[in-house]
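Visitor: Here is a sequence with its predicted model. Questions after.
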Amino acid sequence: MQFTFNEEQDQLRATAQKFLADKSPTVEVRRLMETHQGYDPIVWAQLSSELGFTATHIPETYGGLGLSYAELGILFEEMGRTLLCAPFLATALGATAIMNVATESEKSELLPDIATGTRIATLAVFESSGKWGTDSIELTAKNNRLNGTKRYVLDGHIANFIIVVARTTTRNETDTIGFFLVNGDAPGLKRRVVNTIDSTRKLTQLEFVDVAARRLGGNDDQSAKLAETLDLAAIGLANEMVGGAQHLVDETVNYAAERIQFGRAIGSFQAIKHKCADMLLDVEMAKSAAYYAATAAASSDPELPVLANLAKAAASEAYMRIAAECIQIHGGIGFTWDNDTHLWFKRAKSSEVFFGDPSYHKEQLVTRWQH
Amino acid sequence: MQFTFNEEQDQLRATAQKFLADKSPTVEVRRLMETHQGYDPIVWAQLSSELGFTATHIPETYGGLGLSYAELGILFEEMGRTLLCAPFLATALGATAIMNVATESEKSELLPDIATGTRIATLAVFESSGKWGTDSIELTAKNNRLNGTKRYVLDGHIANFIIVVARTTTRNETDTIGFFLVNGDAPGLKRRVVNTIDSTRKLTQLEFVDVAARRLGGNDDQSAKLAETLDLAAIGLANEMVGGAQHLVDETVNYAAERIQFGRAIGSFQAIKHKCADMLLDVEMAKSAAYYAATAAASSDPELPVLANLAKAAASEAYMRIAAECIQIHGGIGFTWDNDTHLWFKRAKSSEVFFGDPSYHKEQLVTRWQH
Amino acid sequence: MQPLDGEKLRNELRLWLESNWDPNASLIEWRSKLAESGWGMPTWPSQWFGKDLSLVLNPIVDEEFARINAVTVARSGIRLLAAATILEHGDDSQKSRYLRRILTGEDTWCQLFSEPGSGSDLAGAITRADFDGSQWIINGQKVWTTSAHHADYGLLLARTDWEAPKHDGLSYFVIDMRQPGVNVHPLKQMNGHASFNQVFFTDAVVAPEDQVDRIGNGWKVAMTTLMHERRSADALRSVYRDRDLEGRIYDEERDETATVMEPYKWYPQRAGRVDLVFERAIETGKIDDPVVRQAIAELMIKARTAEWTARRARAAQQQGRPQGPEGSLGKLAASHVARQASKVHTMISGSDSMLGDEDGPLAGLIAEILISVPATSIAGGTDEIQRNIIAERVLGMPKEPRMDTGPFRDVMKNPGPAAP
Amino acid sequence: MQPLDGEKLRNELRLWLESNWDPNASLIEWRSKLAESGWGMPTWPSQWFGKDLSLVLNPIVDEEFARINAVTVARSGIRLLAAATILEHGDDSQKSRYLRRILTGEDTWCQLFSEPGSGSDLAGAITRADFDGSQWIINGQKVWTTSAHHADYGLLLARTDWEAPKHDGLSYFVIDMRQPGVNVHPLKQMNGHASFNQVFFTDAVVAPEDQVDRIGNGWKVAMTTLMHERRSADALRSVYRDRDLEGRIYDEERDETATVMEPYKWYPQRAGRVDLVFERAIETGKIDDPVVRQAIAELMIKARTAEWTARRARAAQQQGRPQGPEGSLGKLAASHVARQASKVHTMISGSDSMLGDEDGPLAGLIAEILISVPATSIAGGTDEIQRNIIAERVLGMPKEPRMDTGPFRDVMKNPGPAAP
């Protein structure tokens, strides 16, 4: 297992940092979070067609760069750091799902447009609240017509390709799980952006009433593929989260050096110092897990499922603790709308419960460790 | 509900403090903890026949002082503060059990000797590990002969009266729970002091092989009485624990004021100050619960069961956190045998798991709250 | 002899109320009567709208008013802090100008202490008051000012001497908020509410007769205000009156209460809404999850021990006993409760807890809890300041070395209006 | 050119080992050969028992020794810290007197830095060294001294100047531990083990030629020792050799190892024995308790992220990259792991966790864990000191005001031998 980033990876990170510092300063985040579509198409075009970020982990055969989930993790991290408002996580996970389940010809058809950013993709799995496992799918697919409701769909309102996980009902057999492709403008599909505490990331509710869909990757049960896809989603989110957490640590340390109370920088008070040391510990431990899991994903490590749970749980708790301490150390100003801290706090809170909360992942971690 | 102590109670506390400061300094604790019997009979005689502590909550009809569990709580607290090595908790719980289940004539026979301290009593309930509930009793009573093993029996090696909870097997009926009186020197009873991390409190294992016993309080099922007795035991222990915790807070604050590092008392460092403030918060919250529960026991509050769980869980977590921080603030010296901190740390640790650990009490707390 | 005095007092007040109380009077009319008679603030001195009543007997007065639902003098918001401060530190002219209209509710007040650069360190204020020969000229900025946009007057802490040590260079003023040099802007919070204001002073003026106490004594005067603020925190809770009562005076009082309470409407969410936890756990079925049950139990332990600890403190106070350490722990305990409640709500609502407004559980209330709770450990003194106070004042631990002694001009501070 | 050098080196060493290595030699005989040939510490200078080998090539030497299970020079305990310090700061006479017998293992050393009054604040040492015209007279007390009862020599940090600032008044000495003025007492810990000693000096003597580096430079010399201590912490783990190896030299080495490792036998318990958790959970059936499972998961997260973080640090170091913050977090992370392990063991063993020796689970091992874990967050620098270091050195946060500047005589300190 690789425990440092190589030079190409460092280069990729540097490129991403430069681009994001330029294109996603907080003023842009604040502007875009108030819009309905939630992203800037010009920036999207730049990061996809110019920089190739959307092509990262897509094999070269399908117009991608042929890099791995490790590189994708770097991009998630940097986007999490700057709270980039863009359908990147959605599209990357959509692509991941297609790569996991689709046939060669389906991949050849779908992935090139995703790689260039021409098409925005997303993944629609979750339905009723509190259930993130593979057993929670109730949306039905019968004769390739979908009926049901998907919730918490990332950027569903702007996605061109929606990869929908459905329960297929066939004759004489038990239900199976299948992946379906639905076009964003398919008749019978109602898409609605829901209100969340984190308006930098658009979540949607999708209602399917007899919507035409295409089964991807044949008719076998795809439960195992779903579990794998969800693990990769959790790892992706974990990497995004540690980026945000690191931003808050940096921000807190800077603020503590500048802010004067009682004739000293508050960063010279031990209470603040020790909190910052603990924040650093939190973020570095969470990073180690997120990096390790992303690297494992790149090398198809058999331990991957355990690592997905571990990385997501570690990142969730670290990010939340850090976000709460960051506000606390900022004091009253940290609770105001004009201070940027709350943008990350809200991202931390929504990410904590997205793709399964820490107790869900911990329980699953032990289950998987036992087997 | 009463939220302060009255003057008589303050007086009782002052008397106990004075006595214990005199009779149970750490040097005595260290001496007695190395002995097999684990207490000083002269001190025992003084606290019982002279000061009447053993008579506290026993009604006047039976030679007691007719005070309540609230007063008993004060004594537990002060004994916990000084780690008094004596069979007081054992005897008080034995008396409590008798008061809960016995007939008038049994009480008249047994309680006066306990009140004067002439007889040491104890309560034998627990058996296999990890189970503290009423459903864990496997020791059998058949025709008033006991067979089985009791564990974690307080001061069982010196007790004159052992109140044993047993499963009675009668014809044509389901088993019931009953309270039995066994003499300490009964034939067939093997008593052994077990090794624990806390040698200031002697725990024993009692093996019953066809031991003659007397059923107390008639032949009805006494499960409910057992639950009640266990609740009172938990409340008693909780009050003892907050006394120990308070001692450690005081000790830590004193040490931090004296110990110099980097040219300042370590108590002037914010990290130490804030830990001490948190320790104070912990102990005061736990005290509020312990006091409230003891007062509720004195007034037969219907909420008593919930309060027992709450007080025990709060005291366990507070005492353990405080004990760990106390060692931490003492630094290396706090880890040495010659420093007294470990005596309380070990009491905290053993008390944490005695009569049910915090997660047991929390689970039961919610169950009882629901009903 | 007190019981006799008490009975006499009760009878006297009953008689007075019987002949004067009128639910159809106007609020100001009735309160004017209260102020003149001394029954509005009977513990105040008799020359200033009071009756020299001892504090011990005051509960009888409250009982009699409550018994017939008689409206009292205006007690909400910053008013009574202003009155208590003026009563203790003001001169006769100030008392006669301000106290009456405070009691009738005709004037609204606000407190101008905190600044962007001095939050935890209140005495580090750098808003300046300079005497131009005829009046004080105020420049600077205050923040976290509740109801400044309604206020007629403000209690202003400003620096008048930059050479003196920090605490000695402050003075205390009453400032007319309705003047061109005073600009009030709402301060929006991360939960979307705007309970507070920022107040900007640009050559605002204060007449010499509105200087309270002597120059350089401002910190002491401010301490009086803050002491009363802590005492009156409880009073906020009991301000709501039965909605069914009829009469012009109740309508007017309800309007007044609604205005005063507006900034506080998210406070229950800030405190974590422990009341909702069981209900939500049952509703969602999470009550059966052993892990959630542990977290609920922890919350119940924290919440109930906090409540009992507060009652221990109050009981000691009522009995006139010296307050133990338990009296200083309320704020820290409240932070723990709120944080644990937020954690439990998150566990119970799971992924739904991020949904707001009509999409979220309880119409967004859960989400509002989660983004309001961070205020609990900051507002009114951060947890860190609380721990300092507990360690140094309650536990008597040694103080930290101070870096803010000497002339305030030379003390390191945040950027802001410079010393002249 | 390195690969070529490497092969040459390997061949040279192989030849030498082939003709010299003898498992039936005595330990001292063999190590004397190693010292003389330079193969014992090849990275040392060639005039002092080394071969001027570059650090990069050193692993080849280790590999060759390991390949044939050849015994190395004495590396355990404090020996190599002493050697490294003398090599860097000692004069030629000291080097020739001490280095050789360090390598052969004939002399055992101990480190005399910590004092009862200076733990976190090592530079606050008050053990005094006074020159009486012909030799240094040592008075004072040291503590936490591993293996002092076996030691021939000690590395002593003592105060020689009470007028100088704290760090500048210390000097560094080699002290003969086998003299009447030195008294060693074991220091029993709360877990019953006695891994450390207290060392009392009553007019003990040090000859002038055993003063290391110049007077007043003791703190810098001590820093060299401590730096090497941190580096050699890893080495402790790998000291055990295959038990099956036969030959006189292995028997002698095993005896040596047993003596050296004796103080460390409870260290696995101090670290919380994460390895036992799953096993114990299954054995007790607690693996099915959802609440215990959460706690186990938390432990696994802490333990594995700590391990990965350490590996990130090592990988960066191996690649010659600047070390990131992850390199400073190991001690804090280890504390978290140990504490969580202790918590989980308590949950799993329940009431049995208080039982010790033959009455307790795993013959008292669980109980030993519970009463050993508190050492983890103290030994080698408390968690609080670690957090200071992380905040100030890694995060670059502003320093606290210092209260220990100026002449050390005037600095506030714990009671102990007074300044003259």
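Guide: Perfect, I can see it now.

Visitor: Please list all residues in contact with residue C:214.
Guide: By CB atoms under 8 Å, 6 or more residues apart in numbering or on different chains, the contact list for residue C:214 reads residue C:171. (Each C-beta comes from the backbone N, C-alpha and C, glycine too.)

Visitor: Domain boundaries for the chain, per the record?
Guide: Using chain A. Residue ranges for the domains of chain A, per automatic domain parsing: A:7-115, A:121-222, A:224-370.

Visitor: I was after chain C.
Guide: If you go by automatic domain parsing, chain C breaks into C:3-75+C:238-262, C:109-217, C:266-380.

Visitor: Tell me who's in contact with residue 311.
Guide: As the question left the chain open, I've gone with chain A. A:234-235, A:238-239, A:286, A:289-290, A:292-294.

Visitor: actually it's chain C I care about, not the one you picked
Guide: So residue C:311 contacts residue B:3 (CB under 8 Å, 6+ apart).

Visitor: how about it, secondary structure?
Guide: helix (DSSP: H, G, I helix; E, B strand; the rest coil).

Visitor: Closest residue of the stretch 51-200 of chain C to chain A?
Guide: residue C:190 (3.5 Å; CB to the nearest CB).

Visitor: Tally up the residues packed near residue 315, please.
Guide: No chain was given, so I picked chain A. Applying other CB atoms under 10 Å in any protein chain shown, we find 35 residues neighbouring residue A:315.

Visitor: Please refer instead to chain C.
Guide: 16.

Visitor: Figure out how far the strand or helix carrying it is from the centre of its chain.
Guide: If you go by DSSP states H and E, residue C:315 is part of helix C:290-318. Averaged C-alpha coordinates place helix C:290-318 at 24 Å from its chain's average position (CA atoms, centre = their mean, to the nearest Å).

Visitor: what do you get for stretch A:223-230?
Guide: Chain-centre distance of stretch A:223-230: 16 Å, with CA atoms, centre = their mean.

Visitor: And that stretch, what's buried?
Guide: A:225-226, A:228-230 (16 or more other CB atoms under 10 Å in any protein chain shown).

Visitor: how about that stretch, does it reach chain C?
Guide: No - figure legend: stretch A:223-230 not in contact with chain C (CB under 8 Å from any CB of the partner chain); closest approach 13.3 Å.

Visitor: could you give me the average pLDDT of that stretch?
Guide: The average pLDDT for stretch A:223-230 rounds to 95.

Visitor: Need the residues that contact it.
Guide: So stretch A:223-230 is in contact with A:93, A:96-97, A:100-101, A:123, A:125, A:132, A:134, A:137, A:165, A:176-177, A:179, A:217, A:304-305, A:308, A:355, going by CB under 8 Å, 6+ apart.

Visitor: Next, count neighbours for the closest residue in space to residue A:26 that isn't next to it in sequence.
Guide: Closest residue to residue A:26 apart from its sequence neighbours, by CB to CB, 6 or more residues apart in numbering or on different chains: residue A:340 at 4.9 Å. Each residue near residue A:340 was counted by other CB under 10 Å, and the total is 20.

Visitor: Next, residue A:340: phi, psi?
Guide: The phi/psi pair for residue A:340 (degrees, to the nearest 10) reads phi -80, psi -10.

Visitor: Repeat that for the one 10 residues further on.
Guide: Backbone torsions of residue A:350, given as degrees, to the nearest 10, read phi -70, psi -40.

Visitor: Okay, strands next: where are they in the chain?
Guide: Unless you meant another one, I'm taking chain A. With strands called from DSSP state E, chain A shows them at A:121-124, A:140-142, A:145-154, A:161-168, A:176-183, A:189-193, A:203-212, A:214-215, A:260-261, A:264-265.

Visitor: Actually, chain C is the one I wanted.
Guide: Along chain C, counting by DSSP E, strands occupy C:109-112, C:128-131, C:136-146, C:153-159, C:170-176, C:182-187, C:196-206, C:211-212.

Visitor: The shortest one pairs with which strands, parallel or anti?
Guide: In this case it means strand C:211-212. When pairs are called by DSSP bridges, strand C:211-212 turns out to pair with strand C:170-176 (antiparallel).

Visitor: what is the mean pLDDT for the partner strand?
Guide: Mean predicted lDDT for strand C:170-176 stands at 98.

Visitor: List only buried entries from the contacts of stretch A:223-230.
Guide: A:93, A:96-97, A:100-101, A:123, A:125, A:132, A:134, A:137, A:165, A:176-177, A:179, A:217, A:304-305, A:308, A:355.

Visitor: low-confidence ranges in chain C?
Guide: C:1-4, C:231-240, C:417-420 (pLDDT under 70).

Visitor: let's go with 80 and repeat that
Guide: Residue ranges of chain C with pLDDT under 80: C:1-4, C:77, C:229-243, C:317-324, C:326-327, C:416-420.

Visitor: How about it: which residue is closest to chain D?
Guide: residue C:290 (4.5 Å).

Visitor: Phi, psi for the residue lying farthest from the centre of chain A please.
Guide: In chain A, counting by CA atoms, centre = their mean, residue A:263 sits farthest out from the average C-alpha position, at 43.0 Å. Per-residue torsions, residue A:263: phi 70, psi 10 (degrees, to the nearest 10).

Visitor: For it, give its distance to chain D.
Guide: Distance, residue A:263 to chain D, by CB to the nearest CB, to the nearest Å: 10 Å.

Visitor: Quick check, the residue in the stretch 151-300 of chain A closest to chain C?
Guide: Closest point on the stretch 151-300 of chain A to chain C, by CB to the nearest CB, is residue A:263, at 3.1 Å.

Visitor: which ones are touching the closest residue to that residue other than its chain neighbours?
Guide: Spatial nearest neighbour of residue A:263, excluding adjacent residues (CB to CB, 6+ apart): residue C:404 at 3.1 Å. Residue C:404 makes contact with A:262-264, C:121, C:124, C:166, C:411-412, according to CB under 8 Å, 6+ apart.

Visitor: same question, residue C:336
Guide: B:281, C:302, C:306.

Visitor: Any residues of chain C in contact with chain D? List them.
Guide: Checking chain C against chain D by CB under 8 Å from any CB, the hits are C:289-291, C:294, C:401, C:403.

Visitor: now stretch A:93-113: mean pLDDT?
Guide: 98.

Visitor: What's the separation between residue A:15 and residue D:365?
Guide: 53 Å (CB to CB, to the nearest Å).

Visitor: Let's see the pLDDT reported for the residue most central in space within chain A.
Guide: By CA atoms, centre = their mean, chain A has its centre lying nearest to residue A:237, at 3.8 Å. Listed pLDDT for residue A:237 reads 98.

Visitor: Would you mind confirming that it is in contact with residue A:350?
Guide: No - assessed by CB atoms under 8 Å, residue A:237 is found out of contact with residue A:350, at 10.3 Å.

Visitor: Straight-line length of stretch C:147-164, end to end?
Guide: Length of stretch C:147-164, first residue to last, CA to CA, to the nearest Å: 32 Å.

Visitor: how far is that stretch from where the chain is centred?
Guide: 16 Å.

Visitor: buried set for it?
Guide: Buried-residue list, stretch C:147-164, by 16+ other CB under 10 Å: C:147-148, C:150-151, C:153-162, C:164.

Visitor: now swap in stretch A:158-173 and tell me
Guide: Neighbour-count burial for stretch A:158-173 [16+ other CB under 10 Å]: A:158-166, A:168.

Visitor: Good, we can wrap up now.
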